[in-house]
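Novice: Fold the following, please.
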Amino acid sequence: MAGDAGFRRYFRVLGQPSLIAVDSPPEKEKNQAYISVAMAFQHHGIVTPKVFAVDFANGFFLLQDFGTLLLQPELAADSASAAVAKRYAQAEDVLMAIQRVTPEPAVFTCYDPQSLQTEMDLFAEWFIAELLGISLDDEEQHMLSQLYKDLICSAVEQPQVVVHKDFHSRNLMVLEDGSLGVIDFQDAVVGPVTYDLVSLLKDCYLHLPADQVEKRALDYKRHHEAGELLNNMTDGEFLTSFDKMGLQRHIKVLGIFARLCLRDGKSGYLKDLPLVIRYTLEAAQRYPESQAFYRWFIARIEPLLPSHDWYRDWRTAEEASGEKVLIEDKPK
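Specialist: Numbering: from 1, shown residues only. Presented below is the predicted three-dimensional model:
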């Protein structure tokens, strides 16, 4: 089967029932974390693949087969349809369950300021330097540093919950009974309450209109208020935290997608860069703390982008083809 962004390889074992055999190199992948998080999630009613066998020494798993249908094609249909709204609500219910998981330190590490900083550093290293061939001067580096400090402060000031860390339409699978199964959760941490929500609503692989993003985000906040987690945040404060969390994530993803292509030979991710740029710039131009970054990107970076085969105008970049996407079609 096709792989994902990691170093794992997947094989479907054709039996009754079929199973998934995983080759997950122990020196490169978080195999113990995968099992620990799976057990914690399952204990709280979150559907993840059942684990039938593990060989930690060699990095082999034997897992339940969730089938082939990702949530992405259903969300990529008419965004205003009742069916799409129902699927988003279903995904948000799963996310709510994840955020109620007990944040046991032995299972979930802290998504601390250094981790947030290290991730954003990938932007300058891989997207700016390696992909675009740009060297940043001291003033540009200072501008990025100031932006990163603001985004980190916003992240750590939010209520902290269990975070899947990659909660989007390609890591949610539609099961035979219509429920959703969760995959690719081994990086789960304790972090900002808006992180997974912005991953879902500002998905790097499909576009949801901004007014629907805001409505769904605020509806999610109101559902959380019943548990008092977000009672001390106004709607405006929540949306600011949500946008800034998305800006942190998408700056990181620009670096990660470039690295996946240049270091790991997974060029399929480049076609998703324009949508990630759109999310990045739409959020950056909205707040005083990030407008210097927005102006710099438009003046310094944007003129260089059309020369790349993967580029299309970020202002209209979206994933809305409605095509069926099977797990075998995930970028290798």
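Novice: Which element, helix or strand, includes His142?
Specialist: His142 is part of helix 138-157 when elements are defined by DSSP states H and E.
Novice: And the strands in this protein, which stretches?
Specialist: 9-13, 19-23, 51-55, 60-64, 109-110, 160-163, 172-174, 180-182, 189-192 (DSSP state E).
Novice: Export the last one to PDB, keeping only CA atoms.
Specialist: What follows is the C-alpha trace of strand 189-192 in PDB, where atoms were taken according to Å, rounded to 0.1, in the frame of the first residue of the first chain:
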ATOM      1  CA  VAL A 189       1.000  15.500  22.800                       C
ATOM      2  CA  VAL A 190      -0.500  17.800  25.400                       C
ATOM      3  CA  GLY A 191      -0.800  21.200  23.700                       C
ATOM      4  CA  PRO A 192      -3.100  24.100  22.700                       C
END
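Novice: mean confidence score for that strand?
Specialist: The average pLDDT within strand 189-192 is 98.
Novice: strands paired with that strand, and their directions?
Specialist: Strand pairing for strand 189-192, determined by DSSP bridges: strand 109-110 (parallel), strand 160-163 (antiparallel).
Novice: Can you tell me what sits against the longest one?
Specialist: By Cβ atoms under 8 Å, 6 or more residues apart in numbering, the list of residues contacting strand 160-163 from outside reads 98-103, 108, 111, 188-193, 195-196, 229. All C-beta spots, glycine's among them, are computed from the backbone N, C-alpha and C.
Novice: I'd like the average pLDDT over that strand.
Specialist: Averaging pLDDT along strand 160-163 yields 97.
Novice: just checking, Arg216 touches Tyr88?
Specialist: Yes - at 6.1 Å, Arg216 counts as touching Tyr88 under the criterion of Cβ atoms under 8 Å.
Novice: picking up where we left off before, any of the contacts of strand 160-163 buried? List them.
Specialist: Taking 16 or more other Cβ atoms under 10 Å as the criterion, what is buried in the contacts of strand 160-163 is 98-99, 101, 103, 108, 111, 188-193, 195-196, 229.
Novice: still on that earlier bit, what is in contact with Arg216 and Tyr88 at once?
Specialist: With Cβ under 8 Å, 6+ apart, Arg216 and Tyr88 have common neighbours Leu201.
Novice: Tell me where this protein has helices.
Specialist: Applying DSSP state H to the chain gives helices spanning 31-43, 72-75, 82-99, 113-122, 138-157, 195-201, 210-225, 235-262, 273-284, 288-296.
Novice: how far does the third one sit from the chain's center?
Specialist: By that I understand helix 82-99. Centroid separation for helix 82-99 versus its chain: 15 Å, with Cα atoms, centre = their mean, to the nearest Å.
Novice: Show me what it is packed against.
Specialist: Using 3 or more Cβ pairs under 8 Å, 6 or more residues apart in numbering; DSSP states H and E, the elements in contact with helix 82-99 are helix 72-75, strand 160-163, strand 180-182, helix 195-201, helix 210-225.
Novice: Out of those, which is closest to Ile298?
Specialist: helix 210-225 (19.0 Å; Cβ to Cβ).
Novice: quick check: angle from that closest one to helix 82-99?
Specialist: Per axes from the mean of the first three to the mean of the last three Cα atoms, to 10 degrees, the angle that helix 210-225 makes with helix 82-99 is 40 degrees.
Novice: For helix 210-225, list every residue counted as buried.
Specialist: For helix 210-225, burial by neighbour count (16+ other Cβ under 10 Å) applies to 213, 216-217, 220-221, 224.
Novice: Flag whichever of those scores worst on pLDDT.
Specialist: His224 (79).
Novice: That one is in contact with Thr194, isn't it?
Specialist: No - judged on Cβ under 8 Å, His224 makes no contact with Thr194 at a distance of 10.4 Å.
Novice: gap between the residue nearest the centre of the chain and Glu289?
Specialist: The centroid of the chain falls nearest to Asp166 when counting by Cα atoms, centre = their mean (3.4 Å). Separation of Asp166 from Glu289 (Cβ to Cβ, to the nearest Å): 26 Å.
Novice: cool, and Asp219?
Specialist: Asp219 is 27 Å from Glu289, where distance means Cβ to Cβ.
Novice: Could you export the strands of the chain as CSV, including distance to Glu125?
Specialist: Listed next are those as CSV, based on distance: least, Cβ to Cβ, whole Å:
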stretch, distance to Glu125
strand 9-13, 27
strand 19-23, 29
strand 51-55, 34
strand 60-64, 32
strand 109-110, 23
strand 160-163, 24
strand 172-174, 30
strand 180-182, 30
strand 189-192, 22
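Novice: Those strands: which one's closest to Asp78?
Specialist: Among the strands of the chain, strand 172-174 comes nearest to Asp78, with 17.2 Å by Cβ to Cβ.
Novice: can you give me how far the closest one is from the chain middle?
Specialist: 15 Å.
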